[in-house]
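> here are the coordinates; sequence isn't available:
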Ligand code: DX5
Ligand code: ZN
């Protein structure tokens, strides 16, 4: 599997609904970044925005929680229409219990590895996961530069997943751009999250088409 998940963090939230039909022609996922001003020093949006978008698209909602104590809100994000809920390893008091709590809600579950977190942290949980989200740099903002040191994390996690013959996707988020995408896929990514590369300027659907061409997907 190889796909690009556009992140609406860099989009104009008032026009993104109009862009959804075109995006649906180019991809299957939409990445939704939830930030609380506590785990990360930034605040984005929550349930009402996700719920409102839910009525307007059939895209798979890939919700990325950058919030403290995410367990408090799993049910609300599922109700709002998330298809997958990813939380950061160090934000949950009991990672295993949190993974199971997401699954009980009928959502796919992901565990995120922030810039300063060892990728080995997620190894014990791999058999229960649907996705590992490797951050290219510190979570919290769009338009940052990819930290090249994190490529090794992509390789390590992919190798582990293959060794254990598990069905877990590797997604890479933060700093993905036209220049590095091909290398990130080659290192083992299945999904690349792209915010500013899709929404910063021009037509998001056209940008997405261009990225796919460059990365040799579809
Ligand atoms: C930031 C978010 C990312 C963000 C990526 O912490 O998790 O999803 O949208 O933005 P870019 O692609 O601009 O680095
Ligand atoms: Zn994200």
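Received the coordinates, thanks. The model shown is predicted, which means the values in this text are computed figures rather than measured ones. Numbers count the residues shown, from 1 in each chain. Ligands and ions are numbered 1, 2, ... in the order given.

> where in the protein is pLDDT low?
Nowhere does the chain drop to pLDDT under 70.

> and the residue of it found nearest ligand 2, which helix or strand is it part of?
For the chain and ligand 2, the shortest gap (CB to the ion) falls at residue 64, measuring 3.7 Å. C-betas here are computed from N, CA, C, even on glycine. Assigned by DSSP states H and E, residue 64 belongs to strand 60-66.

> and residue 170, by the same measure?
Using DSSP H and E, residue 170 maps to strand 169-173.

> who touches whatever helix or strand comes next after that strand?
Using DSSP H and E, the next helix or strand after strand 169-173 towards the C-terminus is helix 181-187. Here helix 181-187 makes contact (CB atoms under 8 Å, 6 or more residues apart in numbering) with 2, 4, 151, 154-155, 158, 172, 176, 192, 194, 211, 214-217.

> list the buried residues of stretch 55-75.
57, 59-67, 70-71, 73-74 (16 or more other CB atoms under 10 Å).

> the residues you listed: which two are farthest apart?
57 and 71 (27.2 Å; CB to CB).

> can you give me the end-to-end span of stretch 36-52?
The first and last residues of stretch 36-52 sit 19 Å apart, counting by CA to CA, to the nearest Å.

> got the residues of the protein near ligand 1?
7, 9-10, 31, 33, 64, 139-144, 173-176, 193-197 (CB under 6 Å from any ligand atom).

> just the buried residues of these.
Buried subset of the residues of the chain next to ligand 1 (neighbour count, 16+ other CB under 10 Å): 7, 9-10, 31, 33, 64, 139-142, 144, 173-176, 193-197.

> among the residues you listed, which are located in strands?
Members of these lying in strands (criterion: DSSP state E): 31, 33, 64, 173, 193, 194.

> next one: the nearest residue to residue 89 once chain neighbours are set aside from residue 133, what distance?
Spatial nearest neighbour of residue 89, chain neighbours left out: residue 121 (5.0 Å); criterion: CB to CB, 6 or more residues apart in numbering. Separation of residue 121 from residue 133 (CB to CB, to the nearest Å): 12 Å.
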